[in-house]
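Undergrad: Everything below, folded, please.
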Amino acid sequence: MAVRRLNHAVLRVTDVERARDFWAGALGMEVVTEMPGAAFLRLPASGNHHDLGLFAGRGAPPAPGGIGLYHLAFEVESFADLSDAPPHPHPTCPPPKPRFRGGRRWRPGTPGSPGPWCCGPHGR
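TA: Numbers count the residues shown, from 1 in each chain. Alright, predicted model coming up:
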């Protein structure tokens, strides 16, 4: 079996509606299905039924740097699309922090940056 790509991601969240609104606002995702305690969203140019599933979880979110999902990366049509993206795609995204990649300092939203960085709806 040769796996080609990840088809979708599923996240357990503390607040499904808040997470739904975040992903819809930050990436323009379309809500395709909702039910109590769950929502399924699709990226605008996707051929999938859904790209992201959100399910109500129990307990508090992990502490920053704790166990859990570290990041998601999304493919865009071209590198030029990244330079057109706003540095803060959603109001919950804090000012970007400099990152180091390959020994080079990157500051999201500046020329030469690999693209916008954004935290989730909890500010992390």
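Undergrad: per-residue confidence averaged over stretch 2-11?
TA: Averaging pLDDT along stretch 2-11 yields 84.
Undergrad: Restricting to C-alpha, output it in CSV.
TA: Included here for stretch 2-11 are C-alpha records, laid out as CSV according to Å, rounded to 0.1, in the frame of the first residue of the first chain:
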residue,chain,number,x,y,z
ALA,A,2,1.4,3.4,-1.0
VAL,A,3,-0.1,6.2,1.1
ARG,A,4,-0.3,9.5,-1.0
ARG,A,5,-1.5,12.1,1.5
LEU,A,6,-3.4,12.7,4.7
ASN,A,7,-7.1,12.8,3.8
HIS,A,8,-8.5,14.6,6.8
ALA,A,9,-7.8,15.5,10.4
VAL,A,10,-10.1,15.1,13.4
LEU,A,11,-9.6,17.2,16.6
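Undergrad: which residues touch it?
TA: Stretch 2-11 is touched from outside by 19, 48, 50-55, 69, 72, with contacts defined as Cβ atoms under 8 Å, 6 or more residues apart in numbering. No exception for glycine: its C-beta is placed from N, CA and C like everyone else's.
Undergrad: Now rank these by neighbours and give me the top one.
TA: When neighbours are counted as other Cβ atoms under 10 Å, the busiest of the contacts of stretch 2-11 turns out to be Leu54, with 26 neighbours.
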